[in-house]
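> Next come a sequence and a model predicted from it.
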Amino acid sequence: QVQLVESGGGLVQAGGSLRLSCAASGRTFSTYLMGWFRQAPGKEREFVAAISWSGGSTYYADSVQGRFTISRDKAKNAVYLQMNRLKPEDTAVYYCAADPYNTGSYYSIREYDYWGQGTQVTVSS
């Protein structure tokens, strides 16, 4: 069993930065694929970024490539999402997710078994 708790959301002006954190509990967290997703009002939840268990492979949605960076710290059981050059269209609730099996579909909601409660990110224009 893995529990995930996100933090770091808030209100920021366009062009600004935020760093989201996801604290994980569970002995096997270090072997899981970890992802970030987001959901804007009236829209479906969408993939943002993912990182392999080793941290050696990272994946990004086209909309955030070059602006967002995902990382993980196994010693702290944490995953981070550094978000730079934020845009109003980045406004959403951001969710951390964990995938124990890593079948390769890192972009799919169905790939992940565990989810956090989400943290709100609001970017003003």
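Structure's in. What do you need? A quick note: this is a predicted structure, and the numbers were derived from the prediction, not measured.
> residues touching the spatially most central residue of the chain, list them.
In the chain, the residue lying closest to the centroid (Cα atoms, centre = their mean) is residue 36, at 2.1 Å. Residue 36 is in contact with 20, 22, 48-50, 70, 79, 81, 94-97, counting by Cβ atoms under 8 Å, 6 or more residues apart in numbering. In this view, the C-beta of every residue, glycine as well, is placed from N, C-alpha and C.
> Over to residue 87?
14, 123.
> returning to that earlier point: which one among the contacts of residue 36 gets closest to residue 64?
Lowest distance from residue 64 to the contacts of residue 36 (Cβ to Cβ) belongs to residue 48, with 5.8 Å.
> Touching, that closest one and residue 40? I think so.
No: using Cβ atoms under 8 Å, residue 48 is not in contact with residue 40, being 11.5 Å away.
> Those two: which is more packed in?
Taking other Cβ atoms under 10 Å, residue 48 and residue 40 do not tie; residue 48 has more neighbours (24 against 14).
> Make sure I have this right: the more buried one is in a strand.
Yes: when classified by DSSP: H, G, I helix; E, B strand; the rest coil, residue 48 is found to be part of a strand.
> separation between it and residue 1?
24 Å (Cβ to Cβ, to the nearest Å).
> in the chain, which segments are predicted with low confidence?
Scanning the chain for pLDDT under 70 picks out 27-28.
> and if we set it to 80?
Residues of the chain meeting the criterion pLDDT under 80: 1, 26-30.
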